[in-house]
Each structure stands twice: as C-alpha cells, then as structure tokens.
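Undergrad: Below: sequence and its predicted model.
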Amino acid sequence: MIRRIKKVAVLGSGVMGSGIACHFANIGLEVLLIDIVPRELSENEKAKNLTLQSKAVRNRIVNDSLAAALASKPSPIYSQAFAKRITTGNFDDDLAKIKESDWVIEVVIERLDIKQQVFEKVDKFRKLGSLITSNTSGISIEKMLENRSYDFQKHFCGTHFFNPPRYLQLFEIIPSSKTQPEVIEFLMDFSSRYLGKTPVIAKDTPAFIANRVGTFSIMHLLNNVDKYDLTISEIDKLTGPIIGRAKSATFRTADVVGLDTLVHVSDYIYQQTNDEAKEDFKIPTYLQKMLDNKWLGSKTKQGFFKRIDVDGEKKFLTIDFKTLEYKEDTRPKFSIFEKTKGIDDIRLRMPIFLNDKGKVGDFFRDSFYSLFQFASNRIPEITPDIYKVDDALNAGFGWKLGPFQSWDSVGVAQTVEAMNNANYKAAPWIYEMLAAGITTFYKVENGLKYCYDIESKSYKEIPGQAGRLSLEVLRKTNVLWENTDTSIFDLGDGVINVEFHTKMNTIGQGVLQGLNKAIDMAEADYKAVIISNEGDHFSAGANVGMIYMLAVEQEWEDLNLAVQWFQKTTMRMRYSSIPVIAAPHNMALGGGCEICMHSDKVIAHAETYMGLVEFGVGLIPGGGGTKEFALRLGDSLSTGDIRTNAFLNRYLSIGQAKVSSSAYEAFDLGYLRKGIDEVVVSRAHQLAYAKKAALQMVEKGYTQPAPRNDIKVLGLEVMGMVYAGSDGFKTGNYMSEHDGMIAEKLGSVMAGGDISQTLTEVSEQYLLDLERKAFMELCMQRKTLERINSLITKGKILRN
C-alpha cells in the first residue's frame, strides 16, 4: 500500500504546535489544529455577552495561538495565504474530526499523564492505519504506549521537530519497540522530501540525540567558566562562526532559548542519566541565582546579556559570574585570529585553535576534548551510528561540524593521545578503531560518503544518498575547471554546475569569468548549466567593494566595462544555446537575484530570500535587473489593466528594496515567474531536481531564444507619477534628495525613458543601455559612495 498524507491533525496549539501546523500548511496539506476549551470568559468576551458555549470562546485558545504565530517574526509560514489551509477547533467539540487525518501529531504539555489521556481519546477516534506521533523532546516513547490498541502501537513513534519548525532542519524519529519498520521508512522519506528536514533515527533515551549532546556542550562550558579566564563576549567569539557555529554562539543562544528552558532540559538529563558526565548537567550556583531573580534571557530583557539605551543607542552589558552585576564588555581581540585570517575552511582552522599554547588553546582543548569524550561514550547508547550524531548537531544546533566531523578535522589518533595526556578518556571503541588502522570516521569513495560502523568495525555507506547530489562529495573527483572565485563540476549526464566560493558568494570578475566559461564548455561539449552552491547563501550580490574602488579612483571607463560585462553575462545566460538553471537558497540579493532572473528556469529552495536591494547603496540594479522588471511588466499588461498600478507594484519592489520572506513570496514581488520557476522544500534534493529539470528541457528540444525587441514600455504615462511621488516623499521628509534622485532614475529606466507614446516597443539592449547609464551616473554621486562605504566599513545602510 502506498501511504499518502493529505490531512494532518495537530493536537496542541502552543508555540511548537502552531509552528508545526504552519509548516504542514506550507507544503500544501490540510491541517486541523486543536487545543483545550477555556474554563472562564475573558473581560472582552463578557463585554460581548458571549458564553462559555459560544464557538468563539471555545476556540479562543487555539485561535489566539495561531494568530500569534502568524504575526510572529520570523514568520512560520511561507505566505500568509497558506494559513487558509489550517482549520481550528477544540478537544471537546472537534477531536472526532481526526478520523479524517492521515497523521495525528501530539504537541501538548510535556507531562506523561496528560499525553496518555490525550492518546486514550485519540485511540477512539483515529482511523486505522493512520500515523500517530508525539513531538516530545524527551519523555519515554515506550511509556506513552501503555494500554493503547495494537494498531495504535504499531503506527506510533516520536517525531521531534526543533523550534522554529519551519527553519530548523532536524527531525528526530524515535521508534518504540512496537513501531512498524514501514512507518519509520515512510517518515524518513516524507520528512526529507516534503518537509525539507534532516531526519535522524534516535533511540528512546533521555533528550534523544541533539539535545543530549548539544546541552552537554553548553552546560560543560557554563560549569567551567571560572577556569577559562575569559569574558562572556570572548567565549561567544570563540564559540560562534569561527568554529562553524551560530552567530549567537553560546551565551546569546542561551538567552534566546531562555535560561529556564535550558535549565529544565539540563535538569531532566541530570535526573534521568547516570553516566560519566552527569555532574556537567548540574546547574551552577550563579545560574540558579539568575533564575531566582527571573533573569531568564531575552524574554525578560536580561540574562547573560542586558540591553540598555545610551543616548538613543543600544548597548549590551554582560553579567559578572561572581558578583552578578552587569558591566560593559570589551570587544574580543585574540592574536590567534591573525593565524586563521584568510582560512575559510573551518576544518583547516580547527587544528590551529586546538594547538594554541595560550588560554585560547586551553579553552578549545577543554571544550572539544570533553565533547569528544562525551560523544564517543554515547555510542551506541543514543544511536549506534556516528553520522547520526553529527547530522543531529548540524541540523538541530546549526553546527557546521558535529563532534565526529570536528574530531576528523584535528586528527583522531593525535587527539586521542593528547586527550589521554590531559586526563580525557575516549570510549573503548575509539581505541579499537585506531588499533585496526582506521584513523578517520568518514571517507569518500566513488562519489559516496562512508562512515565507520562500530558494530561491523568497518566503513559503511551512509544511507539516503540515492537521488541526491552533493558538491562536497563531488569536489575530489568531478571538478572540470576552476579559478579563485568559481568551480565547474561535472554532475553527469551532460550537465555541469557552476559554484561560487567568494565571501558571501559575491559576484566579481572571477564569478563572471566562471559563468562564461561554463556556458562555453556546455555549448561545446555538454547539455546544460546549473548555477548552485553549498555555501550559507546563494549570493549576496555584486562586489560593491570593487565598484567603490573604481568609482573613488574615477576609473569610469573600467567601471562602465565591468557593468557592461555583467549585463552581457546575464544576457548570455538567457540567450545561449543550452538551458541555464539557477538553484538559489537563502540570500539571493542584488546581482545574485539578477542571475536568477536571467536563467531559463529557477529551482528555488523554499527558504530563498530574493531581492533587488541596490537602492540601499544609492544605486539601481545594473546587471539587467531593472531591464528585466520593465520586460516582465510589459508582458504582464492586458487590455483594461490600470497600467499605472501595474507599474507601481513592480517599481516599489526595487524602490523599496523588498526582499521576499520565502521563495513563494518572490513570485508576488516579481522575482520569480509563475508557470516557469519552481520551489522545492528539500535542500538535500534541490540540486538533483535542478539537474532533472535541465535534462527535461533538453529532452523537450531546447532551442536558443532570440533577444527581445518587442518590450512594451509606458514612458511619460508613468513618469509624471514617479516625479510627483518623489517630490511628495521629499516634502514630507520620507526620503532624502538623494533617495529622490535614485527613485527618478529607476522610474525612468523602467518606463523606457522619456517616450511620449504609451506602449512603445523597445529592445532589451535599449533598456540595458538606459540601465547602465543611470547606474554610472549614480556611481558618480558623492552620496552614493558614502552609502557604499558605510556598508563596506560598518555593515550598515546609510540613508543620506
């Protein structure tokens, strides 16, 4: 039987429940979200003469919870329109409706007795064969099964989403002894392919995998702050992006999560376990005092950090662990950063940090040696598979390198020896592995990743790689050509991929060279080109540093040629003899957005944030983006349309530097094309799907398109509106004189210049020339250079 999920019921509408409901709505499913009935009327309900029997009252808790979720930032839903897929109800009136659901997810309070009461009712109403799962973060799955029917038991397991469900990729699946294998196999595939998650099977042990190991890492640090001789800011600097972890690092993450939540998880692990690291989960005295004072982090506006306003400027103070007083912290400075400057690969930085002879090295050695010891001793307790621990920390805590990946980067054998000398003891199986001559946990062979398996004492292929493509895996064998900024990969079947690897994947001469080289190669010997990468972002846009340098030095001819080359490259992408597909993720801004807009097709990850944001640095899109908006506007016009409104909608996307909050919103803003571009939720499957789409275009008989010379522009019909709007905003002090200049130049290009005849047809090259002329004129403005300089030096947008 093929299992299909069409309707989902979510029981419990708290932060997690509403977030989970929204994410199922994101992927097009019908969702029933229910919660308890209020026991008393609110003052507002009394004023309206409502009763406890009124439907609005009975659904108040669930409706308020969902409304709060939909209003939260970042949003749990790809598009507010998707919220219509969620129906609300309550346990008393609507629980019987779960008989229509294919999957019932329990997300009530973390108390076993309450969960058991809910499941007793669920067992009465659910349809046979439907999935039932609990979103518990640590309660025993086996205990939840007591007194449940046989059909319930074999279709039940734990499914632990991480908060927020839309954004964090980890999906822990915890089978019971009764769960059918088919259920686990289905959830593994469905969660990856449709929910976009990284599924990890965990054993039914306290806190499962990610929270068990991740909480240890935090609590070991909190229990040892005295010996480190480092400030909070220094520790956060050392435990953030430089080692491949979240920017919020340790203490700011704890504040965001909530110190009460952290303590609750840690105390639960302390009570439920009895291993060598038990004492690390004890709550340190200073942390307990902070809880007693209700200093719980961001939600109480003070925790490890306290925000204050000084002369209208926000500053953050940090707590002194000994006095519990807040003080101003100095900006962290470490000489070791000079040694790692320019080393982008975290795996190459790690040995430098651990081999440092000063207090930074002492800190890293204690942090990682204790982590290696703890993680190795949890195999096979929490999972028999090494890679699952790394996957869980990668996807749940945002670590670029999990414990065993980190260990590989610093050398397992030499680290074990150093650990022994420093009184840290790895698990016995580590010594067995090394004695057998195996010195790494991972290896890549023939385009596949393998991981050491402690049961067979050999490498085994990591499952789930079929149907996926990974540039990381292909890097050793499939790179066809590269320069300092790009690499071109052979994806097989005649498809090649261009990868950017500049800082933030910004676009300069090296990237443009790589794009042109890929098209050259494909037109000669291959079938199609894909543009994708596995960096944090697809592309943050053009290299504004280069633009600034050329403009400051008044190298106008060189700058004009650089802009022209960008335009020619994007036009070549559109009009080459082979299909070009862009597969963006995360930020696709400015020039990155323009590259997508000039591809034959875009296969965007759902979490793609697209925008033409040049206005913020005093410019207009100069790589064909302004031209493309004019072209798409002309194509969208129909008889009877209010043309000024259609123009204004497109114009404001650029003029207000709008960035989509998801790939779906990018359609509404005009960056993606309905009926042509597509969205995938699974990042792991995105590249393979893009390759498939490219081959389908080839199989259908892709033919080289011709540049357009029939673009309808509105000319003076809309320029009056642009000038009037600019003057009005300047008069009302809503925009500066320089903003007004940019707005008018943007409007002029999109309108096709001072053309008196409405719907005059012009060519793409005509619009590109207008675009480049306006771009160059803005580069010659002092205020534009001030804006670019502010972004480069301060990372801030200047409105001057």
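TA: It's in. Only a predicted model underlies this, so the values are computations on that prediction, with no experimental measurement involved. Numbers count the residues shown, from 1 in each chain.

Undergrad: All the strands of the stretch 151-300 of the chain, in order from the start?
TA: Under the criterion DSSP state E, counting those that start in this stretch, the stretch 151-300 of the chain contains strands at 156-161, 170-175, 198-201.

Undergrad: Tabulate these (a markdown table), appending distance to residue 86.
TA: Yep, even glycine has a C-beta here, placed from its N, CA and C like the rest. Below are the strands of the stretch 151-300 of the chain laid out as a markdown table (distance: least, CB to CB, whole Å):
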| stretch | distance to residue 86 |
| --- | --- |
| strand 156-161 | 16 |
| strand 170-175 | 20 |
| strand 198-201 | 24 |
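
Undergrad: Of all those strands, which one is nearest residue 315?
TA: In terms of CB to CB, the element of these nearest to residue 315 is strand 170-175, at 34.1 Å.

Undergrad: Same list (the strands of the stretch 151-300 of the chain) but as CSV, adding mean neighbour count and distance to residue 70.
TA: CSV is the format used below for the strands of the stretch 151-300 of the chain (neighbours: other CB atoms under 10 Å; distance: least, CB to CB, whole Å):
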stretch, mean neighbour count, distance to residue 70
strand 156-161, 25, 18
strand 170-175, 24, 22
strand 198-201, 23, 26
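
Undergrad: Any chance of TSV for the ones you listed, columns distance to residue 393 and mean pLDDT?
TA: Output for these, formatted as TSV (distance: least, CB to CB, whole Å; pLDDT from 0 to 100):
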stretch	distance to residue 393	mean pLDDT
strand 156-161	14	98
strand 170-175	9	98
strand 198-201	10	98
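
Undergrad: Leaving out the residues flanking it, which one is nearest to residue 63?
TA: Of all residues not flanking residue 63 in the chain, residue 88 sits nearest, at 5.5 Å (CB to CB, 6 or more residues apart in numbering).

Undergrad: Quick check: what element follows the helix or strand that contains residue 66 along the chain?
TA: Using DSSP states H and E, residue 66 sits in helix 60-71. Using DSSP H and E, the helix or strand that follows helix 60-71 towards the C-terminus is strand 86-90.

Undergrad: Identify the residues contacting the helix or strand that that next one is followed by?
TA: Following strand 86-90 in sequence order, the next helix or strand is helix 91-94 (DSSP H and E). With contact meaning CB atoms under 8 Å, 6 or more residues apart in numbering, helix 91-94 is reached by 11, 32, 34, 35, 36, 37, 58, 118, 121.

Undergrad: Likewise for stretch 570-579?
TA: Residues outside stretch 570-579 that contact it (CB under 8 Å, 6+ apart) are 515-516, 519, 522-523, 526-529, 580, 594-595, 597-601, 623-624, 694, 697-698, 702, 704-707, 764, 768.

Undergrad: in the stretch 101-250 of the chain, which ranges drop under the pLDDT threshold?
TA: For the stretch 101-250 of the chain, no stretch is flagged by pLDDT under 70.

Undergrad: quick one: the helices in it?
TA: In the stretch 101-250 of the chain, the helices defined using DSSP state H, counting those that start in this stretch lie at 112-125, 141-144, 150-154, 181-193, 210-222, 225-228, 232-238.

Undergrad: Can you add distance to residue 378 and mean neighbour count and give those back as CSV?
TA: Below are the helices of the stretch 101-250 of the chain laid out as CSV (distance: least, CB to CB, whole Å; neighbours: other CB atoms under 10 Å):
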stretch, distance to residue 378, mean neighbour count
helix 112-125, 24, 15
helix 141-144, 18, 18
helix 150-154, 27, 16
helix 181-193, 21, 17
helix 210-222, 7, 23
helix 225-228, 24, 14
helix 232-238, 24, 22
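
Undergrad: got those as CSV, with distance to residue 415 columns?
TA: Formatted as CSV, these follow (distance: least, CB to CB, whole Å):
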stretch, distance to residue 415
helix 112-125, 40
helix 141-144, 35
helix 150-154, 44
helix 181-193, 32
helix 210-222, 17
helix 225-228, 20
helix 232-238, 18
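
Undergrad: Of all those helices, which one comes closest to residue 406?
TA: Per CB to CB, nearest to residue 406 of the helices of the stretch 101-250 of the chain: helix 210-222, 10.8 Å.

Undergrad: what's the pLDDT at residue 16?
TA: Residue-level confidence at residue 16 comes out at 96, pLDDT.

Undergrad: Would you check that it makes contact with residue 162?
TA: No: judged on CB atoms under 8 Å, residue 16 makes no contact with residue 162 at a distance of 9.3 Å.

Undergrad: what distance separates the helix holding residue 66 from the centre of its chain?
TA: 24 Å (CA atoms, centre = their mean, to the nearest Å).

Undergrad: Which positions in that helix come out as buried?
TA: Judged by neighbour count using 16 or more other CB atoms under 10 Å, the buried positions of helix 60-71 are 60, 61, 62, 63, 64, 65, 66, 69, 70.

Undergrad: what residues are up against residue 212?
TA: Residues in contact with residue 212 (CB under 8 Å, 6+ apart) are 205, 206, 269, 378, 382.

Undergrad: could you pull out the strands for the stretch 651-800 of the chain?
TA: 678-680, 711-713, 760-762.
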